[in-house]
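For reference, the sequence and a predicted model appear below.
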Amino acid sequence: MFSSFLRFVREKSWLAWLLCLLPVLIYSWVFKVIALNVNYVAFDDILILGIIPEFSKADLAGKWRLLTTLFPEHRLVFSRSVILLLHKTFGTVNLVWPMIIANSCWALCAVVFYRAYRHLKLSIWYFVPIMWLWFNIQSFENIFWGVSSLCNFGVILFVLCALYFAVYKPEKLAVSLFFAVVATFTYGNGLMVFPVIGLLFLLGGYRKQFFITLATTLVVAIIYFIDFTPITQNLDFSNPQQVKEGFFGFFGFIGSWATLTAYSTPTTGLYVAVAMGMLMIICVMVLYRKQYIPLWNSIWLKGRYTNNTALFALAIAIFTGITALALTYKRIPTDTFEGMFKGRYRMYSTLWCISLYFGFLAIVQNAVRRKFAPGILVAAIVFNIVLLHSNFAEAVNNRRAAIAQEFNARYNADWLGIRMFSMDQQHYEKIRSYYSSGDPLAENWKPRADSVSCDSVYSPDEVGLLGNHIVIGFHQEFFKPEKDYSDGAYVILKSPEHVYASPPNQVAVPLKTTLRRGMYFSKGLNASFHTANIEPGTYKIYLLVRRNGHNAIYCTGKIWEEKE
């Protein structure tokens with residue numbers, strides 16, 4: 001009966017196309033309901049927008065310097081060019097626009113995958129898992145962060161284009177090298193696509209293309225590293241602790257999807273990802289076990305390696321592996337082992353999954369493909385849905401945190417977020433005028449006023465100090481959003497000199513509860529303030545509840561004393 005059902009389904013290509021479209025629609029819906037015109041929490045958007053007032057006044061050499069200035073160790077020409085183009089065209093830069101451009105780059109990666117897939121001449125059903133794998137939201141930081149999204153999504157698109165033309169269109173060397181150059185000046189690891197392209201030409205037996213690629217690599221590298229001053233520490237191989245963290249961090253980076261959530265993962269969950277990364281690498285090695293001799297012979301020019309799709313998949317894995325090594329070398333001293341699992345790195349774990357699946361399609365026998373294809377399809381769909389459930393709440397909290405941060409930066413000239421980037425409030429407001437964000441938490445009241453008028457009283461269930469964080473909890477209400485996800489309950493600390501906002505930190509209920517009861521967010525919220533961001537003083541605690549785009553302020557009757 002099951003076999004009959006599979007035969008019936010295989011004949012319905014329209015159903016396969018519909019299943020290809022569905023994850024794109026889910027991804028688009030998530031973007032629509034969460035994306036906000038607000039500076040991201042790391043102030044990178046503000047720093048990138050800082051090119052606007054300087055660029056028009058600079059001469060040609062000055063413009064190039066502004067475009068290629070290290071950030072902090074990357075030449076973000078693509079990101080800066082997009083920002084300048086948007087401002088030149090519209091006179092403003094709504095930060096949702098670069099997000100749209102970046103996520104379009106992400107969608108175009110699927111087009112590259114499809115073009116490569118067509119060379120296999122298989123049923124469209126085999127392509128469905130790629131769409132469900134690719135359009136997941138685990139890398140939500142990039143989805144909703146203008147600068148990071150342009151960098152990370154842009155570099156992957158340009159790298160994939162460079163690899164595609166190198167594998168399938170080797171006669172169009174100039175096109176492949178063009179995308180490689182663009183990738184290099186989109187994000188730092190883009191430079192690493194050059195050796196991968198060179199290897200592809202070597203394996204394909206294209207000596208002329210190989211030597212031209214080698215020469216181009218040297219020229220581009222010289223240009224890229226002119227005036228290059230690293231500002232971060234590198235991994236110290238004489239430090240056993242760093243070497244240990246680097247070893248596990250490398251595998252954890254590749255298998256990071258297995259943690260499911262991008263943040264708040266217990267240490268045991270991180271080591272599950274390490275084990276998964278090891279397994280994913282072993283799978284590639286086992287999958288290609290019969291390809292080693294043909295690949296070795298092609299390196300020594302004894303014959304061309306002709307399985308182009310297997311070569312394309314291998315190139316993706318090699319590039320991902322190089323990125324993992326580079327990140328391990330550069331970030332372990334600063335971010336330690338846990339820093340290898342940041343949300344904005346997660347798409348490389350997905351990329352390895354795509355590479356592994358392409359290799360599977362290209363290498364295994366047809367009978368094996370047909371046997372495992374239904375299970376892989378179901379697993380890809382479940383993978384996408386579980387990641388959606390696990391990360392949607394974090395994505396919402398992330399954007400609300402950006403709203404609160406912008407409020408804090410506006411109303412506290414000595415706030416750590418501004419001082420950390422050597423930025424005064426006047427400059428911050430000037431740059432903010434370029435993207436003209438709203439100030440939702442300041443509507444209907446005056447944050448700098450001496451007194452605050454309250455609608456009523458709402459007492460918190462928890463006020464205390466947890467480590468370096470002031471924690472204030474309200475556990476009795478759901479605080480459902482009505483208009484968009486700027487709605488929610490924010491906690492305000494106000495003294496005569498300062499006023500700080502903390503976003504609601506809401507968590508998702510377990511997946512089985514969502515399926516059984518149709519709910520997602522659990523009851524209550526926990527707000528927190530890091531003590532390093534709060535100046536000494538006596539603060540009254542208020543609850544600002546934003547519903548349907550309107551604010552209501554409640555007195556809590558509680559006071560917090562922040563000492564030196």
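Noted; the coordinates are in hand.

Return the set of buried residues in stretch 222-239.
The neighbour-count check on stretch 222-239 (16 or more other CB atoms under 10 Å) flags Tyr224, Leu235 as buried. Bear in mind the C-beta positions are built from the backbone N, C-alpha and C, glycine included.

what about it, average pLDDT?
Per-residue pLDDT over stretch 222-239 has a mean of 84.

Would you pull up how far it lies from the middle of the chain?
Centroid displacement of stretch 222-239 relative to its chain, using CA atoms, centre = their mean, to the nearest Å, is 23 Å.

Could I get the contacting residues of Asn39?
If a contact means CB atoms under 8 Å, 6 or more residues apart in numbering, then Asn39 has Asp45, Ile46, Leu95, Ala402, Gln405, Glu406, Arg432, Tyr435, Ser437 as its contacts.

I'd like these written out as a markdown table, with distance to Val243 added.
Below are those laid out as a markdown table (distance: CB to CB, whole Å):
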| residue | distance to Val243 |
| --- | --- |
| Asp45 | 35 |
| Ile46 | 36 |
| Leu95 | 40 |
| Ala402 | 36 |
| Gln405 | 36 |
| Glu406 | 40 |
| Arg432 | 43 |
| Tyr435 | 43 |
| Ser437 | 44 |
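
now, among those residues, which is nearest to Glu462?
Within those, the smallest distance to Glu462 is 22.8 Å, found for Gln405 (CB to CB).

in the stretch 351-500 of the chain, which spans are helices?
Listed in chain order, the helices of the stretch 351-500 of the chain (DSSP state H, counting those that start in this stretch) span 366-411, 416-419, 425-435.

Which neighbouring elements make contact with the second one?
To tie it back to what came earlier, the one meant is helix 416-419. On a contact count with 3 or more CB pairs under 8 Å, 6 or more residues apart in numbering; DSSP states H and E, helix 416-419 meets helix 366-411.

any idea of the angle the helix it packs on forms with helix 425-435?
Between the axis of helix 366-411 and that of helix 425-435 there is an angle of 130 degrees, by axes from the mean of the first three to the mean of the last three CA atoms, to 10 degrees.

From the chain's centroid, how far away is helix 366-411?
Helix 366-411 has its C-alpha centroid displaced from the chain centroid by 11 Å (CA atoms, centre = their mean).

repeat for stretch 446-465
In this view, stretch 446-465 has its centroid 35 Å away from the chain centroid, taken as CA atoms, centre = their mean.

low pLDDT regions in this protein?
Within the chain, the stretches with pLDDT under 70 are 1-11, 417, 420, 564.

Can I get the helices of the stretch 351-500 of the chain in TSV including mean neighbour count and distance to Leu160?
TSV is the format used below for the helices of the stretch 351-500 of the chain (neighbours: other CB atoms under 10 Å; distance: least, CB to CB, whole Å):
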stretch	mean neighbour count	distance to Leu160
helix 366-411	19	19
helix 416-419	16	35
helix 425-435	17	30
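
between the contacts of Asn39, which is nearest Ser495?
Distances from Ser495 to the contacts of Asn39, taken as CB to CB, are shortest for Gln405 (18.8 Å).

just checking, that closest one touches Val41?
Yes. When contacts are counted by CB atoms under 8 Å, Gln405 is listed as touching Val41 (5.3 Å).

can I get the CA coordinates of the strand ranked longest in the chain in PDB?
Longest strand in the chain by number of residues, with DSSP state E as the criterion: strand 550-562. Output of strand 550-562 as PDB, limited to C-alpha atoms (Å, rounded to 0.1, in the frame of the first residue of the first chain):
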ATOM      1  CA  HIS A 550      -0.400  52.000  21.900                       C
ATOM      2  CA  ASN A 551       1.400  52.300  25.200                       C
ATOM      3  CA  ALA A 552      -0.100  51.900  28.700                       C
ATOM      4  CA  ILE A 553       2.200  52.600  31.700                       C
ATOM      5  CA  TYR A 554       1.600  50.900  35.100                       C
ATOM      6  CA  CYS A 555       3.200  51.800  38.400                       C
ATOM      7  CA  THR A 556       4.600  48.800  40.300                       C
ATOM      8  CA  GLY A 557       5.300  50.400  43.600                       C
ATOM      9  CA  LYS A 558       8.800  48.900  43.500                       C
ATOM     10  CA  ILE A 559      12.100  50.700  43.700                       C
ATOM     11  CA  TRP A 560      15.600  49.500  42.700                       C
ATOM     12  CA  GLU A 561      18.700  51.000  44.300                       C
ATOM     13  CA  GLU A 562      21.800  50.700  42.100                       C
END
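
between Gln405 and Val41, what contacts are shared?
Common neighbours of Gln405 and Val41, counting by CB under 8 Å, 6+ apart, are absent.

if we can go back for a sec, the contacts of Asn39: which two are farthest apart?
By the measure CB to CB, these have their two most distant members at Gln405 and Tyr435, which lie 14.4 Å apart.

hmm, back to that, in a markdown table: the helices of the stretch 351-500 of the chain, plus distance to Met340.
Compiled in a markdown table, the helices of the stretch 351-500 of the chain are given as follows (distance: least, CB to CB, whole Å):
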| stretch | distance to Met340 |
| --- | --- |
| helix 366-411 | 17 |
| helix 416-419 | 25 |
| helix 425-435 | 31 |
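
So which of the ones you listed is nearest Pro266?
Comparison of the helices of the stretch 351-500 of the chain against Pro266 by CB to CB identifies helix 366-411 as nearest, at 13.6 Å.

Show me which of the contacts of Asn39 is closest to Lys512.
Among those, Ala402 lies closest to Lys512 (CB to CB), at 31.0 Å.

Would you mind measuring from that closest one to Asn136?
From Ala402 across to Asn136, the span is 22 Å (CB to CB, to the nearest Å).

Tell me how many other residues crowd Met280.
Neighbours of Met280 under the rule other CB atoms under 10 Å: 22.

For the host helix or strand of it, buried residues please.
Met280 belongs to helix 267-287 when assigned by DSSP states H and E. Judged by neighbour count using 16+ other CB under 10 Å, the buried positions of helix 267-287 are Leu270, Tyr271, Val272, Ala273, Val274, Met276, Gly277, Met278, Met280, Ile281, Val284, Leu287.

can you pull the contacts of the fifth one?
When contacts are counted by CB under 8 Å, 6+ apart, Val274 touches Phe248, Phe251, Gly252, Gly255.

just the last one next, same as before
Under the criterion of CB under 8 Å, 6+ apart, the contact list for Leu287 reads Leu356, Gly359, Phe360, Ile363, Val364.

what does the fourth one give?
Applying CB under 8 Å, 6+ apart to Ala273 gives the contacts Phe251, Gly252, Gly255, Ser256, Trp257, Ala258, Thr259, Phe341.

Show me how far stretch 216-236 is from its chain's centre.
Using CA atoms, centre = their mean, the mean C-alpha position of stretch 216-236 is found 24 Å from that of the whole chain.

hey, where'd the helices end up in the stretch 201-350 of the chain?
In order along the chain, the stretch 201-350 of the chain carries the following helices (DSSP H, counting those that start in this stretch): 207-225, 240-254, 267-287, 292-299, 308-335, 346-363.

Which other helices and strands does the longest one contact?
Contact analysis of helix 308-335 by 3+ CB pairs under 8 Å, 6+ apart lists helix 96-118, helix 146-168, helix 193-204, helix 240-254, helix 267-287, helix 346-363 as its packing neighbours.
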